[in-house]
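Student: When you get a sec, could you give me coordinates for this:
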Amino acid sequence: GRQAEVPKISPGKVKTFLERAGQQGKAWLAAAGPLKGRIGSFFGALRMRATAIPGALGHRWQGFTRALWGSLQGIRRQAAGKSCKRMAAVGIVLVLAVSGFLGTYIYNQGFGYVLVVDGQEIGFVTEEDSGAIEHFLAELSEAATLYYGAQVARNERVEFLRERRPGEHMVAGEVQDELQQILSFSVYGYSLSINGVETAVLASEEDYTDLVHKIKEAFVDDNGDAVLRHFAIQDDFQLAKTLVPPDAIARVEDVADLLLNKTAQRRTYLVSRGDSLYTIARSQNMSLKDLQQANPQVTGDLIRPGDELNLVKAMPMVTVSMVEEVTVLEKIPHETRYVNDSSMYTNETRVTQAGSPGEKEVTYQVTKENGMEVSRRVLNEEVITEPVTQVVVRGTRRRPFDPTGRFGWPLPAGTGTLTSPYGWRGGSMHYGIDIAAPTGTAIRAAESGVVATSAYRGSYGNLVIINHSSGYSTYYAHNSRNLVSAGQKVSKGQTIALVGSTGNSTGPHVHFEIRRNGTPTNPMNFYRR
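Tutor: Residues are numbered from 1 along each chain as shown. This next block holds a predicted model:
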């Protein structure tokens, strides 16, 4: 700001005044002969005073006083003989007028403006140069606005203080150079606060609109079958215009990434040989569920050495809710109707009418939060094709020994007679059951597994041992012939040997054992009559 200015008197005004005064006093000055010495002394002093004025201003005033003195001498010669009293009066008036005007002019020429930036004096310039400085400040602001592409404000306070300092004026260019070095600018941006926490600064309100659109795009699939009925950001978004450093303005894309994905620090784990989701979760002190949620790309429990797993689930900073209408085609499961048949065994079935599913069109109202479905409601349902009921005939005839669990009977259905049970027999422990059958009868695997032994072993004769899951194994002994080899994979019900009487045997039969972790158990616990 500027202080109030003192009125200035220009040299032109002084000259005009003196010319008029001279014209009016010509007649009186003719009689000024006796005052010639005094007037001459006054103008001599006047010229000496003008020499104290610096520069071109002093030279101009010296010339002006010499011209004025010459004019007065001419007037005196022309007005010789006139009244000395009147001349004296006019002379006094002229002396006082010239002295007053000249003193006022010299005094005013010492005034200028002190330029102060944030309380620090930068320089002292003339009143004429102060206007150029103000124009330079305006040009600096315009240049900053063009450079940053945004409205700017000067960070420093600039003041113009009017003072009188004769002979101390600086060149305007020097002051401008100093200002260019010390002045800086801030830009107007829009501070985005989420739930009361300042999160980012955007360049404009248009950028905010673009940001909301990008958040919406992240959750809405415009190419899908869903029809968006409602979309809302649940968090409290506040936008306020504020002054910030130019580098504080963030790109819309970066702010969108921050709000959508990046609240959790990324931590990963490189899968090694022998790792499983369970062992990784335990070693990282996290639950298996959290590990699975952090890695939706993993199908089931299938991981391989070299896979990179996320240990932290990235959660968005914003909560977005949306309601969609989705129309889909769904299968209608068919029903199954059973018909009993006493001529068939209980483990036998026969389909007399194949079933087929129907089809329906269903419209759902789906509510989601951050892309995850939280509820679903049926709005409309229309059946397109009715399902066809499947008819199954099932047997009711009981077999001599029906399996109650995972193990099947080691001989074909309806074949064999149980001749010796599990337990103590003749003073020794019998660890299996004996099932008599004609020599050459097929012996079947009671369960799928891998053949551990297929060889002749002492009192067992020809023996087949099959290892199964959960620590189970089955023994088939006294075979006339083994049909499988060690290391071979077999399926439940597959023929693995033929009934015989090899080893310590009293007749053709199969000795059948079931062991759990090497400990024999009664095979009949797995069957019922």
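
Student: just the strands in the stretch 201-350 of the chain please.
Tutor: 227-233, 237-244, 268-270, 308-310, 320-332, 336-345, 349-353 (DSSP state E, counting those that start in this stretch).

Student: Of these, give the one that comes closest to residue 446.
Tutor: Checking those against residue 446 by C-beta to C-beta gives strand 336-345 as the closest, at 17.5 Å. For every residue, glycine as well, the C-beta is placed using N, CA and C.

Student: Check the offset of the closest one from the chain's centre.
Tutor: Relative to the chain's own centre, strand 336-345 is displaced by 64 Å; criterion: C-alpha atoms, centre = their mean, to the nearest Å.

Student: Flag every buried residue along it.
Tutor: By 16 or more other C-beta atoms under 10 Å, the buried positions in strand 336-345 come out as residue 345.

Student: all numbers from here: first residue = 6
Tutor: Shifting the count to begin at 6 puts that one at strand 341-350.

Student: now the angle between strand 354-358 and that strand, please.
Tutor: 140 degrees (axes from the mean of the first three to the mean of the last three C-alpha atoms, to 10 degrees).

Student: packing partners for strand 341-350?
Tutor: Here strand 341-350 touches strand 354-358, strand 395-402, going by 3 or more C-beta pairs under 8 Å, 6 or more residues apart in numbering; DSSP states H and E.

Student: The last one relative to strand 354-358, how many degrees between them?
Tutor: Just to be clear, that refers to strand 395-402. 150 degrees.

Student: hmm, back to that, and the helices and strands packed on strand 341-350, which is most packed in?
Tutor: Of all the helices and strands packed on strand 341-350, strand 395-402 has the most neighbours on average by mean count of other C-beta atoms under 10 Å, namely a mean of 15.

Student: Go ahead and confirm residue 351 touches residue 402.
Tutor: Yes: the pair residue 351 / residue 402 is scored as a contact, 6.6 Å apart, by C-beta atoms under 8 Å.

Student: show me where the stretch 156-305 of the chain has helices.
Tutor: For the stretch 156-305 of the chain, helices defined by DSSP state H, counting those that start in this stretch occupy the ranges 177-187, 210-224, 257-266, 282-288, 293-299.

Student: now the ones you listed as a markdown table including mean neighbour count and mean pLDDT?
Tutor: Formatted as a markdown table, those follow (neighbours: other C-beta atoms under 10 Å; pLDDT from 0 to 100):
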| stretch | mean neighbour count | mean pLDDT |
| --- | --- | --- |
| helix 177-187 | 14 | 90 |
| helix 210-224 | 15 | 90 |
| helix 257-266 | 17 | 86 |
| helix 282-288 | 14 | 90 |
| helix 293-299 | 15 | 84 |
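
Student: Which among those is found nearest to residue 140?
Tutor: helix 177-187 (9.9 Å).

Student: Output the closest one in CSV with nothing but the alpha carbons.
Tutor: Provided in CSV are the C-alpha atoms of helix 177-187 (Å, rounded to 0.1, in the frame of the first residue of the first chain):
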residue,chain,number,x,y,z
ALA,A,177,14.1,0.7,-10.8
GLY,A,178,15.8,-2.1,-12.7
GLU,A,179,18.0,-3.0,-9.7
VAL,A,180,14.9,-3.2,-7.4
GLN,A,181,13.1,-5.4,-10.0
ASP,A,182,16.0,-7.8,-10.1
GLU,A,183,16.0,-8.1,-6.3
LEU,A,184,12.2,-8.7,-6.3
GLN,A,185,12.5,-11.4,-9.0
GLN,A,186,15.0,-13.3,-6.7
ILE,A,187,13.0,-13.2,-3.5
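
Student: and residue 159, how many neighbours?
Tutor: 15 (other C-beta atoms under 10 Å).

Student: measure it to residue 122 for me?
Tutor: 10 Å (C-beta to C-beta, to the nearest Å).

Student: As TSV, the helices and strands packed on strand 341-350 with mean pLDDT and distance to residue 204 would be great.
Tutor: Putting the helices and strands packed on strand 341-350 into TSV (pLDDT from 0 to 100; distance: least, C-beta to C-beta, whole Å) gives the following:
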stretch	mean pLDDT	distance to residue 204
strand 354-358	94	64
strand 395-402	92	59
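
Student: Residue 240 is nearest to which of those?
Tutor: Short answer: strand 395-402, nearest of those by C-beta to C-beta, at 52.6 Å.

Student: Quick check, pLDDT for the closest residue to residue 417 other than its chain neighbours.
Tutor: In this structure, residue 417 finds its nearest non-sequential neighbour in residue 447, 6.1 Å apart by C-beta to C-beta, 6 or more residues apart in numbering. Residue 447 carries a pLDDT value of 97.

Student: and residue 447, what is it in contact with?
Tutor: Residues counted as contacts of residue 447 (C-beta atoms under 8 Å, 6 or more residues apart in numbering) are 416-417, 500, 503-504.

Student: what do you get for residue 277?
Tutor: Applying C-beta under 8 Å, 6+ apart to residue 277 gives the contacts residue 310.

Student: Okay, it and residue 285: tell me how far apart.
Tutor: 9 Å.

Student: Please apply the same query to residue 358.
Tutor: In terms of C-beta to C-beta, residue 358 sits 50 Å off from residue 285.

Student: do the same with residue 215
Tutor: From residue 215 to residue 285 the distance is 40 Å (C-beta to C-beta).

Student: one step back: who's the residue nearest to residue 417 bridged to?
Tutor: residue 503 (DSSP bridges).

Student: end to end, how far does stretch 502-512 reach?
Tutor: 16 Å (C-alpha to C-alpha, to the nearest Å).

Student: Buried members of the contacts of residue 447 into ChimeraX, please.
Tutor: Buried residues among those (16+ other C-beta under 10 Å), as a ChimeraX selection:
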select :416,503,504
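
Student: ok, which pair from the contacts of residue 447 is furthest apart?
Tutor: So, those by C-beta to C-beta: farthest apart are 417 and 503, at 12.0 Å.

Student: anything in contact with each of these two?
Tutor: With C-beta under 8 Å, 6+ apart as the test, residue 417 and residue 503 both reach 446-447.

Student: Please tell me how far the residue nearest to residue 417 sits from residue 392.
Tutor: Taking C-beta to C-beta, one finds residue 447 at 41 Å from residue 392.

Student: Repeat that for residue 451.
Tutor: Here the criterion is C-beta to C-beta. By it, residue 451 lies 38 Å from residue 392.

Student: When the two are compared, which one has more neighbours?
Tutor: More crowded of residue 451 and residue 392, by other C-beta under 10 Å: residue 451, with 24 against 17.

Student: who touches that one in this structure?
Tutor: 412-415, 471, 479, 497, 517, 519 are the contacts of residue 451 under C-beta under 8 Å, 6+ apart.

Student: Who's the closest spatial neighbour of it, skipping the chain neighbours?
Tutor: residue 412 (4.3 Å).
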